[in-house]
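Undergrad: I'd like to go over a predicted model; first the sequence, then the structure.
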Amino acid sequence: MPDPKLKNVFEAILKYGHDEDFAPREDRDFHATQAPAGSREKLEVMAERVRMGHPLWHNADRADYSGLTGAVRPRD
C-alpha cells in the first residue's frame, strides 16, 4: 500500500529499498506541456514531475512536432 507521506519515488526507494509500491499522484500542480519531445524544456518538465511525485506523462502533453520550426545548419 502506497505511503501518502512520501513525496516522490526517490523517498520511496530510500524508505523501502524499491519503488514497487510508489504511486504517482495527480494534483492541481500536474499540468500538460507543449514542449516537444527531446527538448531541454521537456526534460526539465519531466524532471520536475519526478521531483513532485507526479506521473511522468500527461495525457495532454504534445504528441508531435507539428507547427514547430527549427534552425537548419548547412553541411560543411
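TA: Nice, I can see it. Here the structure is a predicted model, which is why all the values come from computation and not from measurement. Numbers count the residues shown, from 1 in each chain.
Undergrad: which residues touch the biggest helix by length in the chain?
TA: Identified as the longest helix of the chain according to DSSP state H is helix 40-52. In this structure, residues lying in contact with helix 40-52 by CB atoms under 8 Å, 6 or more residues apart in numbering are 7, 8, 9, 10, 29, 30, 33, 35, 36, 55, 56. Just so you know, the C-beta spots here come from the backbone N, C-alpha and C atoms, and that holds for glycine as well.
Undergrad: now, among these, which is nearest to residue 22?
TA: residue 9 (4.9 Å; CB to CB).
Undergrad: Just confirm the closest one contacts residue 21, I think it does.
TA: No: the criterion here is CB atoms under 8 Å, and residue 9 misses it with residue 21 at 10.4 Å.
Undergrad: Those two - which one has more neighbours?
TA: residue 9 (17 against 12; other CB atoms under 10 Å).
Undergrad: what does the model give residue 50 for pLDDT?
TA: pLDDT for residue 50: 95.
Undergrad: Neighbours of it, how many?
TA: 14.
Undergrad: Check residue 8 too.
TA: So residue 8, with other CB under 10 Å, has 17 neighbours.
Undergrad: any idea what sits nearest it, other than its immediate chain neighbours?
TA: residue 53 (4.2 Å; CB to CB, 6 or more residues apart in numbering).
Undergrad: tell me the contacts of the one you found?
TA: 6, 7, 8, 9, 24, 25.
Undergrad: Which of the contacts of helix 40-52 fall within helices?
TA: 9, 10.
Undergrad: Out of the contacts of helix 40-52, which is nearest to residue 68?
TA: Nearest member of the contacts of helix 40-52 to residue 68, counting by CB to CB, is residue 36, at 5.9 Å.
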